[in-house]
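S.K.: Return atomic coordinates for the entry below.
(2 chains)
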Amino acid sequence: MTEYKLMKGNEALAEAAILAGCDAYFGYPITPQSEVLEYLAREMPKHNRIVMQAESEVASINMVYGAAGAGFRAMTSSSSPGISLMQEGISYIAGAELPCLLVNVNRAGPGLGTIQPGQGDYFQSTKGGGHGDYRMIVLAPASVQEMADFVFLGFDLADQYRNPVLILSDGAIGQMMEKVKFKPYTRPQTDKSSWATTGKPKTRGRNYITSLHIQPEKMEEHNKHLEEKFRKIRENEVRFEEINTSDADYLFVAYGLSARICQKAMDIARQKGIKAGLLRPITLYPYPYQRLNELASQVKMLLSVELNSGQMVEDVRLAVNGKRPVEFYGRMGGMMPTPEEIVHHLETLIQYHHVN
Amino acid sequence: MSTDLHELPVTNVEPALVCGKQEDEYEVVYHKPATMVDTAMHYCPGCAHSLVHKLIMEVVEELDIQDKTVGVAPVGCSVFAYDYMDIDMSEAAHGRACAVATGIKRLMPEKYVFTYQGDGDLAAIGIAETLHAINRGENILIVFMNNAVYGMTSGQMAPTTLPGMHTTTSPDGRDVSFYGAPIKVSELMANLPGAFFVTRQAVNNPNAVRRTKKALLNAFKYQQLHKGTCIVEIIGNCPSNWKMTPVEAAKFIDEEMVKTFPLGDIKIPAAEDLKIF
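M.R.: Predicted coordinates:
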């Protein structure tokens, strides 16, 4: 029987990486995610896996590029400023179609910002933080359990689509302790021999990893191939959770830590007789546009709650497409809204829009 | 990406029929390595890259390690190296070859992994990755092509540009008081304990080519020892960006480049480390 354990989000994620068969982890210390590197530095050698503290995030992501290019399960993790440093490498990884897992334990910014949790990296994560046309699959955990679960899912999706997958967490989910259960995992079979750089036997042509297509015709062809892949991802990989949406008049839209706070806000609102529901996007890319559009026909107003100045709300507006008012409430700089604060804001908006 | 998707013009070599003799009547004293892709190269006339590519592939053929070799070529003229070397290869972002090679080698320690980097790549944007890879004693070979300019972007000043040398971004000659002196990367890296074998060679005359070949052969073999990083710096001819003929470029190396970058071994392995051979 699988037992529950009490673990920090960062440590649950690290343990899951080992259980998911991660061959190599390359990272660089940064708060609030250093526990991942520390945990793996201690545990990976016991499993004969590679763990290395690189000289920078720039080096980390390129080590991941090398290891993933050789066909191994490779990952790195960091927090906002470190992820910014990795953007060049992420763009190359996406261009060269290398499966790997990246983790951003989001802190508040911009710049050095603060080590407290934030969700200010939504645009960077979902709209392509690096140069060129590419997308990552972005998974947003809202619990320590999901910090673990999404590692398995993330590696599998990365292999399936030959695309980088990002777990976009935040400083609170990474640092807090909760119960977590590691479920039995069977790794899907993936054959990487047609492209991985393992040394060319006489029996096949050479494999090479590249994102370079100097002829415009070839570049466009490659772009179209990538876009076709992203279309399949949009079609098949949208994930979200709905709570109390069936009779909801007002819909909170929130991911990660914000969704946890909104869940409580929803309960308080319902006690006050306001029928609130919650849609929690689990994949931030691909985004649940269609479901949100459907729900917009049913509710009176949507409220996007984020730990930033209003980023995901743009996707909510795209989804709703003017059908209903879409409002935003956010705190920044590592400050958390209380559930009561959110409910108060909701009540104000209901009066403002005369939608009750 | 597999090679069948990749199309380049293939050179058609007609069977030799010279002085009335059929090809099979000649004694073959030299053949191009089978590990080279039979194709036209994009390199300029007199460029060192094509020659050094061939030397590396000769070594891979002679050691019979084609199936155990992985190359890394970052941004620069030689980013297309995978078009010419018939081995598994990885492109790398500008300056990041040593990090990429680290990722490959750490996962496959029994493979022969080499990087092929220019001076802008290795000595400017990628000096941190290079220095740390060597300091960790990564068991890789760094082939460092030093032609004192950025070749691919058409001749800008590099960290290795000679004092007073004219480039497109130092039109009045490199001013050492403004930009500092050229970095002697190999001497710098040889100070790191992780460096196992460091040498500086050239390919501007037949003797130099032979010495470079020998250095590359040894450096590949040393990977079997797991003793540290090998660095083979090669002073490369770049006639196009030096605004010289190939012959003038070859002379420029002997007359000017070696004043700043003297040729020869900089760090050689201790005798006891080579007992296996």
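S.K.: Next, count neighbours for the closest residue to A:Asp249 other than its chain neighbours.
M.R.: Of all residues not flanking A:Asp249 in the chain, A:Lys275 sits nearest, at 4.4 Å (Cβ to Cβ, 6 or more residues apart in numbering or on different chains). Using the backbone N, CA and C atoms, a C-beta is placed for each residue, glycine as well. Number of residues near A:Lys275 (other Cβ atoms under 10 Å in any protein chain shown) recorded here: 16.
S.K.: Please verify my assumption that A:Lys275 contacts A:Leu251.
M.R.: No - between A:Lys275 and A:Leu251 no contact is recorded; they are 9.9 Å apart, counting by Cβ atoms under 8 Å.
S.K.: ok, longest helix in chain B?
M.R.: Ranked by residue count and defined by DSSP state H, the top helix of chain B is helix B:206-222.
S.K.: Residues touching it, excluding its own?
M.R.: For helix B:206-222, contacts defined as Cβ atoms under 8 Å, 6 or more residues apart in numbering or on different chains pick out B:51-52, B:55-56, B:58-60, B:62-63, B:65, B:112, B:114, B:141, B:143, B:196-197, B:199, B:201-203, B:230, B:232, B:234, B:263, B:269, B:277.
S.K.: out of the residues you listed, which are buried?
M.R.: B:51-52, B:55-56, B:58-60, B:63, B:65, B:112, B:114, B:141, B:143, B:196-197, B:199, B:201-203, B:230, B:232, B:234, B:263, B:269 (16 or more other Cβ atoms under 10 Å in any protein chain shown).
S.K.: Which ones among the contacts of helix B:206-222 lie within strands?
M.R.: B:112, B:114, B:141, B:143, B:196-197, B:199, B:201-202, B:230, B:232, B:234 (DSSP state E).
S.K.: Determine the number of other residues adjacent to the closest residue to A:Gln175 other than its chain neighbours.
M.R.: Closest residue in space to A:Gln175, ignoring its immediate chain neighbours: A:Pro32 at 5.5 Å, by Cβ to Cβ, 6+ apart. Look at A:Pro32: counted by other Cβ under 10 Å, it has 23 neighbours.
S.K.: quick check, A:Pro32 in a helix?
M.R.: No - counting by DSSP: H, G, I helix; E, B strand; the rest coil, A:Pro32 is located in no helix; its state is coil.
S.K.: Look through the stretch 151-277 of chain B and state the residue closest to chain A.
M.R.: B:Met152 (10.9 Å; Cβ to the nearest Cβ).
S.K.: hang on, that residue packs against B:Ala73?
M.R.: No - using Cβ under 8 Å, B:Met152 makes no contact with B:Ala73, being 11.6 Å away.
S.K.: So which of the two has more stuff around it?
M.R.: Higher neighbour count among B:Met152 and B:Ala73: B:Ala73, with 31 against 18, using other Cβ under 10 Å.
S.K.: That one is in what secondary structure piece?
M.R.: strand B:69-74 (DSSP states H and E).
S.K.: quick one: contacts of that strand?
M.R.: Contacts for strand B:69-74 (Cβ under 8 Å, 6+ apart): A:66, A:70, A:197-200, B:56, B:60, B:79-82, B:85, B:87-97, B:100-101, B:104, B:108, B:111-117, B:121, B:126.
S.K.: what's the neighbour count on the closest residue to chain B within the stretch 251-356 of chain A?
M.R.: With Cβ to the nearest Cβ, the shortest gap between the stretch 251-356 of chain A and chain B falls at A:Tyr285, namely 22.9 Å. Residues near A:Tyr285, counting by other Cβ under 10 Å, number 24.
S.K.: and the gap between it and A:Val64?
M.R.: 19 Å (Cβ to Cβ, to the nearest Å).
S.K.: Tell me the residues on the stretch 51-200 of chain B that lie near chain A, please.
M.R.: Residues of the stretch 51-200 of chain B lying close to chain A by Cβ under 8 Å from any Cβ of the partner chain are B:66-70, B:72, B:79-80, B:82, B:85-93, B:96, B:99-108, B:111, B:128-129, B:132.
S.K.: check contacts around the residue in the stretch 1-150 of chain B that chain A sits nearest to.
M.R.: Residue nearest to chain A within the stretch 1-150 of chain B (Cβ to the nearest Cβ): B:Gly103, separated by 2.5 Å. Counting by Cβ under 8 Å, 6+ apart, B:Gly103 touches A:24, A:26, A:62-70, A:74.
S.K.: hang on, A:Val72 packs against A:Tyr25?
M.R.: Actually, residue A:72 is Phe. It isn't Val. No - the criterion here is Cβ under 8 Å, and A:Phe72 misses it with A:Tyr25 at 10.8 Å.
S.K.: Neighbour count: the two, which is higher?
M.R.: For A:Phe72 versus A:Tyr25, the count of surrounding residues by other Cβ under 10 Å is larger for A:Tyr25: 29 against 25.
S.K.: which of the contacts of B:Gly103 are buried?
M.R.: For the contacts of B:Gly103, buried by 16+ other Cβ under 10 Å: A:24, A:26, A:62-70, A:74.
S.K.: residue contacts, B:Thr260?
M.R.: B:162-163, B:182, B:184.
S.K.: Make a ChimeraX selection of the buried ones in those.
M.R.: Filtering the contacts of B:Thr260 down to the buried ones (16+ other Cβ under 10 Å) takes a single ChimeraX command:
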select /B:162,182,184
